[in-house]
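Enquirer: My questions are about this predicted structure, shown below with the sequence.
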Amino acid sequence: MTKIKLVFAIEMMIICLAIPALAGNSQTAVIPAVPTPGFVTMLDLGAHKCIPCKMMTPIIEELQKEYAGRVSIIFIDVWAHREQARRFGIRGIPTQIFYDKTGKEVSRHVGFLDKKHIVATFEKLGVPHEIAQ
């Protein structure tokens, strides 16, 4: 990644954490149990109006379909649920936290994460990438 792209990505993460007033009111959403008991879990902490988070939305939706019943993929909007940012100790969004089947945190990433790296993490945690035909 070039220095300019890296600086831009860092600036976008800071901006995404600094402007929660743009998020609207989603306080009624129920926060699921994290991690999901008995499942490899990916927690994506971001915001619906954060640009890098929005870039991840189609990837997350695709992975939720491909890994349905095998991996728990959870998104929490931390602009709407600020206490969750503190709960998980995040410093920028998006942040992805991966848990193994026992509920142990095994990996954490801050910033945009592409599908290839997410799939590789699932495979390291024992969940192969099998797309239903």
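Expert: Nice, I can see it. Residues are numbered from 1 along each chain as shown.

Enquirer: and the most centrally placed residue in the chain, what does it touch?
Expert: Closest to where the C-alpha atoms of the chain average out (CA atoms, centre = their mean) is residue 44, at 1.5 Å. When the contact criterion is CB atoms under 8 Å, 6 or more residues apart in numbering, the partners of residue 44 are 53, 56, 60, 73-76, 94-96. All C-beta atoms are positioned from the backbone trio N, CA, C, and that covers glycine.

Enquirer: Show me the beta-bridge partners of residue 45.
Expert: residue 76, residue 95 (DSSP bridges).

Enquirer: any idea how far it is from residue 60?
Expert: 12 Å (CB to CB, to the nearest Å).

Enquirer: the more surrounded of those two?
Expert: Taking other CB atoms under 10 Å, residue 45 and residue 60 do not tie; residue 45 has more neighbours (25 against 20).

Enquirer: which residues are in contact with both of residue 45 and residue 60?
Expert: Shared contacts of residue 45 and residue 60, counting by CB under 8 Å, 6+ apart, come down to residue 75.

Enquirer: I'd say residue 129 and residue 116 touch.
Expert: No. The pair residue 129 and residue 116 fails to qualify as a contact (CB atoms under 8 Å) at a distance of 9.9 Å.
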